[in-house]
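>>> Could you look at this predicted model? Sequence included:
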Amino acid sequence: MIFKQISLILSIFFLFASGLPKSIEKKVYKEIKEVFNEDGFVLNQKFIPEDLVQTLPSTFDAGNLFEIKNDDLLLGYAYVAKAASKTDTFDYLVLLDSDLIIVNTKVLIYRENYGGEIGSKRWLSQFQGKTQNDELHYGNNIAAISGATISVRSMTNAINNLLKSIKILHEKNII
């Protein structure tokens, strides 16, 4: 019991020390806990050399790619970023397992009055199981949502770019 409490406290400490904006860090922690069914995990920032960051299709900055570990066991990776909507941006989370397969995606904060349907679990489940070798196409293997065309295209492009970046990072033994 004491060990679980200490693990939880350490997990929260590392999460808050992660550099994630306060508005989303609790949501990220909650989602990881649910998806990986783990309480005692820690998030470790995964730093990517700056010269490599410039060549990747996805946006990587300090503090948006994390290893998810429980003790020394790698559970997977978390990627937190923003994508464009009609007049603003939205924050999203992609969780990958240790084999770099998407296990979950979540829209953390959506800032528009319309188009919030992209945050539905049903729509986001289309990304589950996708790997660095998959290519996503709006309207083909990714369903459209009436009233959320810009957000859907943006999320599809963001996931495509992430998968391409994951492939490059994996080939270079960064992850």
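Done, it's in.
>>> quick check: longest helix of the protein.
Using DSSP state H, we find that the single longest helix of the chain is helix 149-171.
>>> contacting residues around it?
48, 52, 55-58, 60, 79, 81, 83-86, 90, 92, 94, 96, 100, 102, 105, 107, 110, 112, 115, 118, 127, 130-138, 142-145, 175 (Cβ atoms under 8 Å, 6 or more residues apart in numbering). (Glycine included, C-beta is placed from N, CA and C.)
>>> Let's see which of the residues you listed end up in helices.
Leu52.
>>> quick one: average pLDDT of the longest helix of the chain?
Averaged across helix 149-171, pLDDT comes to 95.
>>> Which among the contacts of helix 149-171 count as buried?
For the contacts of helix 149-171, a burial check counting by 16 or more other Cβ atoms under 10 Å picks out 48, 56, 58, 60, 79, 81, 83, 85, 90, 92, 94, 96, 100, 102, 105, 107, 110, 112, 115, 118, 127, 130, 132, 136, 138, 142, 145, 175.
>>> From these, which land in strands?
Tyr79, Ala81, Ala83, Phe90, Tyr92, Val94, Leu96, Ile102, Thr105, Val107, Tyr110 (DSSP state E).
>>> May I ask which two of the residues you listed are separated the most?
Farthest apart among those by Cβ to Cβ are Leu96 and Tyr110. That separation is 21.9 Å.
>>> Counting neighbours, which bits of stretch 63-71 end up buried?
For stretch 63-71, by 16+ other Cβ under 10 Å, it's Gly63, Asn64, Leu65, Phe66, Glu67, Ile68, Lys69.
>>> With stretch 32-39 instead?
By 16+ other Cβ under 10 Å, the buried positions in stretch 32-39 come out as Ile32, Val35, Phe36, Glu38.
>>> Tell me which residues touch the last one, please.
Residues in contact with Glu38, defined by Cβ under 8 Å, 6+ apart, are Ile32, Asn70, Leu75.
>>> For the closest residue in space to Gly119 that isn't next to it in sequence, give the beta-bridge partners.
Leaving aside its chain neighbours, Gly119 sits nearest to Val107 (3.7 Å; criterion: Cβ to Cβ, 6 or more residues apart in numbering). With DSSP bridges as the criterion, Val107 is bridged to Tyr92.
>>> so Val107 touches Leu124, yeah?
Yes. With contact defined as Cβ atoms under 8 Å, Val107 and Leu124 form a contacting pair (7.1 Å).
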